[in-house]
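*Asks:* what's the 3D shape of this:
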Amino acid sequence: MTDLGALHHFLRISVTRSSDGLFLSQKQYAMDLLQRAGMSECHSTTTIVDCKSKLSASDGAPVADPSEYRSIAGALRYLTLTRPDLAYAVQQVCLFMHDPRESHLALVKRILRYVKGTLSSGLQIGVGSVDSLIVYSDAYWAGCPDSRRSTSGYCAYLGDTLVSWSSKRQTTMSRSSAEAEYWAVAHVAECCWIRQFL
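*Replies:* Below you'll find the predicted structure:
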């Protein structure tokens, strides 16, 4: 076996070492994605989604090229490896890959404009004592206008470092916001392996 030295790049993820720990970034991947989507010269935006609008499966006309939509949405999913701030919006975009509409494409373009303004963002893996495992969860009750299902998400911190996160639509329809929150907490059980590992 050969020692290849310190890690710098792995699967299009750039790794920068410092006294604070590791910084994982997909800046070059994001720039290539913007180039591929024809948005490398677009204006950036400071917010990733419009909180007041809800996407529906039947809003607007179908997109001209569904395969291009699917390709960009899939590439955005890979970008969430080091960009957990994109997880919810990308999850919303991926819900409509079977029949993408113009309103869904507009959200993809908004995400790309947000990525353009936050190219230097990434995931910081810090050094220090690991004295706590803290998990936050939340749910968006009946957020889908078509199925009335809720969206839940969580993020897990080991010490000060984010180690696991998820955002997904719940499999069942909740009858109350309390039930939606309960299912969100149940999804946190997915990261119980961390506790068992410690």
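
*Asks:* List the buried residues of the helix or strand A178 falls within.
*Replies:* According to DSSP states H and E, A178 maps onto helix 177-188. Buried residues in helix 177-188, defined by neighbour count with 16 or more other Cβ atoms under 10 Å: E179, A180, E181, W183, A184, H187, V188. The C-beta positions use only the backbone N, C-alpha and C, and glycine is treated the same way.

*Asks:* For I48, see how far away the first one is.
*Replies:* As for E179, its distance to I48 is 27 Å (criterion: Cβ to Cβ, to the nearest Å).

*Asks:* and if you look at the third one?
*Replies:* Taking Cβ to Cβ as the measure, E181 falls 23 Å from I48.

*Asks:* contacts for the one helix or strand in the chain whose mean pLDDT sits lowest?
*Replies:* Lowest on mean pLDDT, DSSP states H and E among the helices and strands of the chain sits helix 192-197, with a mean of 73. By Cβ atoms under 8 Å, 6 or more residues apart in numbering, the residues outside helix 192-197 that reach it are L133, A156, L158, V163, S164.

*Asks:* same check, this time on stretch 67-84
*Replies:* Contacts for stretch 67-84 (Cβ under 8 Å, 6+ apart): 13, 24-26, 29-30, 33, 36-37, 63, 86-87, 90, 93-94, 97, 100, 104-105, 108, 111-112, 115, 118, 121-123, 155, 162, 165.

*Asks:* Now stretch 154-161: buried residues?
*Replies:* Applying 16+ other Cβ under 10 Å to stretch 154-161 flags Y154, C155, A156, L158, D160, T161 as buried.

*Asks:* Report the two of those residues separated the most.
*Replies:* Using Cβ to Cβ, these span at most 17.1 Å, a distance reached by Y154 and D160.

*Asks:* got a markdown table for the buried residues of stretch 154-161, with secondary structure too?
*Replies:* Converted to a markdown table, the buried residues of stretch 154-161 look like this (DSSP: H, G, I helix; E, B strand; the rest coil):
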| residue | secondary structure |
| --- | --- |
| Y154 | strand |
| C155 | strand |
| A156 | strand |
| L158 | strand |
| D160 | coil |
| T161 | strand |
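
*Asks:* Closest one of the residues you listed to S44?
*Replies:* For the buried residues of stretch 154-161, the nearest to S44 is C155 (24.6 Å; Cβ to Cβ).

*Asks:* my read: the closest one touches L162, true?
*Replies:* Yes - using Cβ atoms under 8 Å, C155 is in contact with L162, at 6.0 Å.

*Asks:* Of the contacts of stretch 67-84, which count as buried by neighbour count?
*Replies:* Judged by 16+ other Cβ under 10 Å, buried ones among the contacts of stretch 67-84: 13, 24-26, 29-30, 33, 37, 63, 86-87, 90, 93-94, 100, 104-105, 108, 111-112, 115, 118, 121-123, 155, 165.

*Asks:* Since that was my last question, I'll sign off now.
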